[in-house]
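Student: just the structure for this:
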Amino acid sequence: MDFTFIASTLVTLLKAVPTTLILFSLSIISGGLLALVIVWMRTSGNPVLSGFAKGYIFIFRGSPLLIQMFLVFYGLGQFGFIRYSFLWTFLREPMVCAVLSLALCTAGYTAEIFRGGIRAVSPKEIEAARSIGMSGFLLVRRILAPIAFRHALPAYSTEIVLMMKSTALASLVTVWEVTGVAQRLISQTYRTMEVFLCAAIIYLILNFIILQGMALLEYSLSRHRRAAPQALKA
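Tutor: Numbering: from 1, shown residues only. The predicted model follows:
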C-alpha cells in the first residue's frame, strides 16, 4: 500500500471537509426547524393539519433520499412558475438543492422522533405544572420541551449520524464534498481502494466527534438521574 499516496489523498479530501460540514449543518438546522412545524401540525388535533403532516412524513420516510434529491435538482426547473421566479436564483445552485433535499428528508424522520419524545412525557408532570399556574409557552419551555428532547436524544443522535453519511449523496448533484472529491480523484488515478479508504476514515472521525458531542449533551441533561442515587447513599 502506498502510504505517500494515502497521505496526499487525505490532505486533498480534508480540503473538502468544510463543504461537507456546511452541507450537514444547514441541513440539520433547517430540517430540525421544519420538523418542529410538522410535529406541531401532527399533534395539533386539527384533522387537516394532522393529515398533511402524516402525508409528509409518509412520503419522505417512504421514498429513497437519492430520488428525492434528483427530483429537487432536476425536477423543480421543469415548472415555469419556479424557473421564472426569484426562487430560481437559489434553486439552480447544486448546494441549495442538496441542502433542501436533505432538510426535507430529515424533517420527516426528526418529526417522528420528536413526537415520540413528546409522547414519553408523563401526563402527571404536565398536570403538576398546570397546577402551579404554568400554561402555554411557559409549560412547553420549562417542562414539555426539555423532557421530550431528553427522551428523543438517543434516536435523534442516530438520525444526525445518518445525515452526515447522507451528505455523500450530494456528490451526485455536483456538490464537491468529501465523496465528490474522492470520486474525482478515482477518475484521475484509478486507485479506488486507497481513495475510498481515506474518505471512510474522514467520515468515521466526523461521526465520532458528533457521537461524543451528543453523549456529552445527554450526560449534561441527565444530571438529576445521577444526583438521585448519590442522595440516597447520603
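Student: which parts of the longest helix anywhere in the chain are buried?
Tutor: In terms of residue count, the longest helix belonging to the chain (DSSP state H) is helix 192-220. Buried positions in helix 192-220, judged by neighbour count with 16 or more other C-beta atoms under 10 Å: 194-196, 198-199, 202-203, 206, 210, 214. Every C-beta, even on glycine, is put in place using the N, C-alpha and C of the backbone.
Student: I'd say residue 17 and residue 176 touch.
Tutor: No. With contact defined as C-beta atoms under 8 Å, residue 17 does not reach residue 176; the gap is 11.5 Å.
Student: same question for the longest helix of the chain, mean pLDDT?
Tutor: Averaged across helix 192-220, the pLDDT comes to 93.
Student: which neighbouring elements make contact with it?
Tutor: helix 3-14, helix 17-42, helix 145-166, helix 178-189 (3 or more C-beta pairs under 8 Å, 6 or more residues apart in numbering; DSSP states H and E).
Student: dump those to JSON lines, plus mean pLDDT, distance to residue 126 and mean neighbour count.
Tutor: Shown next, in JSON lines, are those (pLDDT from 0 to 100; distance: least, C-beta to C-beta, whole Å; neighbours: other C-beta atoms under 10 Å):
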{"stretch": "helix 3-14", "mean pLDDT": "92", "distance to residue 126": "48", "mean neighbour count": "14"}
{"stretch": "helix 17-42", "mean pLDDT": "95", "distance to residue 126": "16", "mean neighbour count": "18"}
{"stretch": "helix 145-166", "mean pLDDT": "92", "distance to residue 126": "9", "mean neighbour count": "18"}
{"stretch": "helix 178-189", "mean pLDDT": "93", "distance to residue 126": "44", "mean neighbour count": "18"}
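Student: of the ones you listed, which is nearest residue 220?
Tutor: When those are compared by C-beta to C-beta, helix 145-166 sits nearest residue 220, at 10.1 Å.
Student: tell me what angle the closest one forms with helix 192-220.
Tutor: With axes from the mean of the first three to the mean of the last three C-alpha atoms, to 10 degrees as the basis, helix 145-166 and helix 192-220 are set at 180 degrees to each other.
Student: using PDB, write out every CA atom in helix 145-166.
Tutor: Taking Å, rounded to 0.1, in the frame of the first residue of the first chain, the C-alpha atoms of helix 145-166 are listed here in PDB:
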ATOM      1  CA  ALA A 145     -39.600  20.600  25.600                       C
ATOM      2  CA  PRO A 146     -36.700  19.700  27.900                       C
ATOM      3  CA  ILE A 147     -38.200  16.300  28.900                       C
ATOM      4  CA  ALA A 148     -39.300  15.400  25.400                       C
ATOM      5  CA  PHE A 149     -35.900  16.300  24.000                       C
ATOM      6  CA  ARG A 150     -34.100  14.200  26.600                       C
ATOM      7  CA  HIS A 151     -36.200  11.200  25.700                       C
ATOM      8  CA  ALA A 152     -35.700  11.800  21.900                       C
ATOM      9  CA  LEU A 153     -32.000  12.400  22.100                       C
ATOM     10  CA  PRO A 154     -30.700   8.800  21.600                       C
ATOM     11  CA  ALA A 155     -32.800   8.300  18.500                       C
ATOM     12  CA  TYR A 156     -32.000  11.900  17.300                       C
ATOM     13  CA  SER A 157     -28.300  11.300  17.600                       C
ATOM     14  CA  THR A 158     -28.700   8.300  15.300                       C
ATOM     15  CA  GLU A 159     -30.500  10.500  12.700                       C
ATOM     16  CA  ILE A 160     -27.800  13.100  12.900                       C
ATOM     17  CA  VAL A 161     -25.100  10.500  12.100                       C
ATOM     18  CA  LEU A 162     -27.200   9.100   9.300                       C
ATOM     19  CA  MET A 163     -27.400  12.700   7.900                       C
ATOM     20  CA  MET A 164     -23.700  13.100   8.000                       C
ATOM     21  CA  LYS A 165     -23.400   9.900   5.900                       C
ATOM     22  CA  SER A 166     -26.200  11.000   3.600                       C
END
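Student: with that, I have no additional questions.
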